[in-house]
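Peer 1: Here's my sequence, what's the structure:
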Amino acid sequence: MKQKLLIRDLTLRDGQQSAFATRMNQSQIDRVLKYYKDANFYAMEVWGGAVPDSVMRYLNENPWHRLEKIKKGVGSASKLTALSRGRNLFGYAPYTDEIIDGFFKNSMDSGLDIMRIFDALNDVNNIKASVKYIKKYGGLADCAVCYTVDPKFDEPPVEKKKKGGFFSFLKKEEPAKPFYIDVFTDEYFLNKAKEMTALGADMITIKDMSGLIPPSRVATMIPLFKKELNVPIDFHTHCTPGFGLGSVLTAIMNGADIVDTNIWNFGGGPAAPAVELIYIFCKKLDIEFDVNMEAVAKINLELLDIRKELEDFDVSKQIPNPFNPLTDTLPAEIDKEFDNAIAAVKSNNETELLRACHAIEAYFNFPKPDELVKNAEIPGGMYTNMVAQLKQYNSLDILEEAMRLIPSVGLDAGLPPLVTPTSQIVGVQAVVSALNLKNGREKYASPSNQFVALVKGEYGETPVPIDPEFRFKITGSREETPYDTSNYKRQENPTLDEFGSVKVAQNEKDELLLELFPAVGLNYLKGQRKQEFESKNVTKEATKPKEKQEQAQTQVAKEIIESPMPGSILKLNVKVGDKVKKGEVVLILEAMKMENDIIAETSGTVSKVVVEEGSFVQAGSPMIELV
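Peer 2: Numbering: from 1, shown residues only. Next up, the predicted model:
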């Protein structure tokens, strides 16, 4: 029987998130929907990931409306898919079944068909509730196994040589240098996939969020999954380090049922390969390919204009040369490279395969492989976050040291796969540890709240056990402490006296935005209520009582607590008139997707609070004054 390949288009979610910082607005998306209706993609990933956060934070748009408008524009022509983080959904906290149930009910009501569900630790327990509720409401559960690589060291970390350390858990002898820890084998990933299908997964995705999976590994994993599993296999990767196109071709030729692609002007580089290149390979391989490439060409023309509009956020600043596989003829030497790539897959010649694919990409002016990401074996987004954080501290000189610390920090924390949010947790901790060492402090002198929670066990079971002594050092307890949602407290839904005494959240969907995005959601919804209030031409003065700041205005502040980095105020723990002690947490700042406790350096009385929950602050901005 002739092989058939299905395509999941990522352009409107992962594509724009990878290449343009998730800045496509609704009007830009509306311009392409009429063509998508004719494109006949099996599925379109349009929601989840960073989209809900970004459309509120940067575009002042409603995430639910984004999904609903796409559904209205595309109808049933393609299945709409989204990405969620297991029990954490779109946020960073483990949510109760009540919230997960409500989230999936509203997602399906708004037009979702498939949810791709992953857990940053590949802890299958963390996806159980999501699988249950997406299927409860008639959706498909696409369960993703997060691909990652074993960390590599020049020699075993000193602290791991001690009795009772890491290797005693794995019952392995210390290998000679250089070495890597053999954890993430094909069998490891297959066993996770089997656990997911046992839960009711309708399909399994091999999710390579960093583009680190080489074709040779794809050639062993896909056949193994196809042999052992009885559900469709989807393959997802990125082109950042240069494996993407070759790995997708290898997946196709080894029987993958679905592959993830982007449309030409949003493809390659940090994103997935371009569907136009996959179309050429499928034509040569006589693989059935149902996508309407005429409609794709129309989408692509519109995407070119949209990409120019998004120039300020363009990661690569490199637009591929115009090309339409239906009307343009390939030069003979480039057409030959497509044949060379196919032959290389058949002969398991990875070197030749990558050479041919890189020649094809170079001809079309797609970005070159990022050697730094390839060699460091970390996600590109994790690297850029680390650079941004070090710039804020004026410490870019220690970037190399921070990068060197990633394997040991990850190993100490149980080898979490480097995917959101664990990539940020490990990356931020590596930066902080490098700063600590630079300033003569202990490596883990100031762990983030999330790093503590990860080591404690609140994110779930790590791929390898954490040394109890290290856990005690970081958390004060040697015992693993799983997350416990029984004490979960829902976000408050405050009344806005200044806008007619209305509640911030007006319905269940608003309430879910507050739950999943406490700071960003609150700020966005406040803006919506303000806009609604003003549109009614109500001219009453705001009724919110003034903070009693006058009493301290004549006193000189002995401490002005400033923001150490750009971020959003997640929670205020004090108000004017409160007495605080040195070391007390006065507020929680969300920055780099991490929660940071901001403490008072002196004891005193709060004389002024110049920020509010949900507001954004720049590095160095004053937030609280003490007298």
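
Peer 1: In the stretch 151-300 of the chain, mark out all the strands, start to finish.
Peer 2: 152-153, 179-180, 203-207, 233-236, 258-261, 288-289 (DSSP state E, counting those that start in this stretch).

Peer 1: isn't residue 468 right up against residue 476?
Peer 2: No. If you go by Cβ atoms under 8 Å, residue 468 and residue 476 don't touch, sitting 11.9 Å apart. All C-beta spots, glycine's among them, are computed from the backbone N, C-alpha and C.

Peer 1: more crowded one of these two?
Peer 2: Taking other Cβ atoms under 10 Å, residue 468 and residue 476 do not tie; residue 468 has more neighbours (14 against 9).

Peer 1: Please identify which helix or strand holds the nearest residue to that one once chain neighbours are set aside.
Peer 2: Excluding the flanking residues, the one nearest residue 468 by Cβ to Cβ, 6 or more residues apart in numbering is residue 478, at 3.9 Å. Here residue 478, judged by DSSP states H and E, is contained in no helix and no strand.

Peer 1: any weak-confidence spans in the stretch 451-600 of the chain?
Peer 2: Per-residue confidence of the stretch 451-600 of the chain (counting by pLDDT under 70) places the weak regions at 537-556, 564-567, 591-596.

Peer 1: which ones are touching the residue nearest to residue 468?
Peer 2: 468-469, 471-472 (Cβ atoms under 8 Å, 6 or more residues apart in numbering).

Peer 1: Please state the backbone phi and psi of it?
Peer 2: Per-residue torsions, residue 478: phi -90, psi -10 (degrees, to the nearest 10).

Peer 1: how much space is there between it and residue 470?
Peer 2: Separation of residue 478 from residue 470 (Cβ to Cβ, to the nearest Å): 9 Å.

Peer 1: just residue 305 next, same as before
Peer 2: Taking Cβ to Cβ, one finds residue 305 at 53 Å from residue 470.

Peer 1: Looking at those two, which is more packed in?
Peer 2: A direct count of neighbours by other Cβ under 10 Å for residue 305 and residue 470 places residue 470 higher, at 20 against 12.

Peer 1: helix or strand for that one, which one?
Peer 2: Assigned by DSSP H and E, residue 470 falls in helix 468-475.

Peer 1: helix or strand right after that helix?
Peer 2: Immediately after helix 468-475, counting by DSSP H and E, sits strand 495-496.

Peer 1: mind checking how far that next one is from the chain centre?
Peer 2: Chain-centre distance of strand 495-496: 32 Å, with Cα atoms, centre = their mean, to the nearest Å.

Peer 1: Show me what that strand packs onto, helices and strands only.
Peer 2: Here strand 495-496 touches strand 502-503, helix 518-535, going by 3 or more Cβ pairs under 8 Å, 6 or more residues apart in numbering; DSSP states H and E.

Peer 1: helices and strands around the shortest one, which ones?
Peer 2: The helices and strands touching strand 502-503, judged by 3+ Cβ pairs under 8 Å, 6+ apart, are strand 495-496, helix 518-535.

Peer 1: ok, what's across the strand from residue 587?
Peer 2: residue 572, residue 598 (DSSP bridges).

Peer 1: May I have the residues that are in contact with it?
Peer 2: 569-574, 598, 611, 623-624.

Peer 1: repeat for residue 6
Peer 2: Contacts of residue 6 by Cβ under 8 Å, 6+ apart are 42-43, 232, 257-259, 290.

Peer 1: what does residue 513 give?
Peer 2: Residue 513 neighbours (Cβ under 8 Å, 6+ apart): 52, 56, 63-64, 505, 521, 524-525.

Peer 1: The helix or strand where residue 67 lies vs helix 518-535, what angle?
Peer 2: Assigned by DSSP H and E, residue 67 belongs to helix 63-74. Orientation check (axes from the mean of the first three to the mean of the last three Cα atoms, to 10 degrees): helix 63-74 against helix 518-535 gives 80 degrees.

Peer 1: Now tell me what touches helix 63-74 from outside.
Peer 2: 12, 26, 29-30, 33-34, 36-37, 44, 46-47, 51-52, 55-56, 80, 82, 106-107, 110-112, 509, 513.

Peer 1: where do the helices sit along the stretch 101-250 of the chain?
Peer 2: 128-136, 166-170, 186-199, 215-228, 244-253 (DSSP state H, counting those that start in this stretch).

Peer 1: Return the most buried member of those helices.
Peer 2: Comparing those by mean neighbour count (mean count of other Cβ atoms under 10 Å), helix 244-253 comes out on top with a mean of 27.

Peer 1: Mind listing residues that contact that helix?
Peer 2: 5, 206, 208, 211, 213-215, 218-219, 222, 235, 237-239, 259, 261, 268, 272-273, 277-278, 281-282, 285, 287, 341-342, 345-346, 350, 353-354, 356-357, 360-361.

Peer 1: Using PyMOL, make a named selection holding only the buried ones among these.
Peer 2: Buried members of the contacts of helix 244-253 can be picked out in PyMOL with the line below, counting by 16 or more other Cβ atoms under 10 Å:
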select buried, resi 5+206+208+211+213+214+215+218+219+222+235+237+238+239+259+261+268+272+273+277+278+281+282+285+287+341+342+345+350+353+354+356+357+360+361
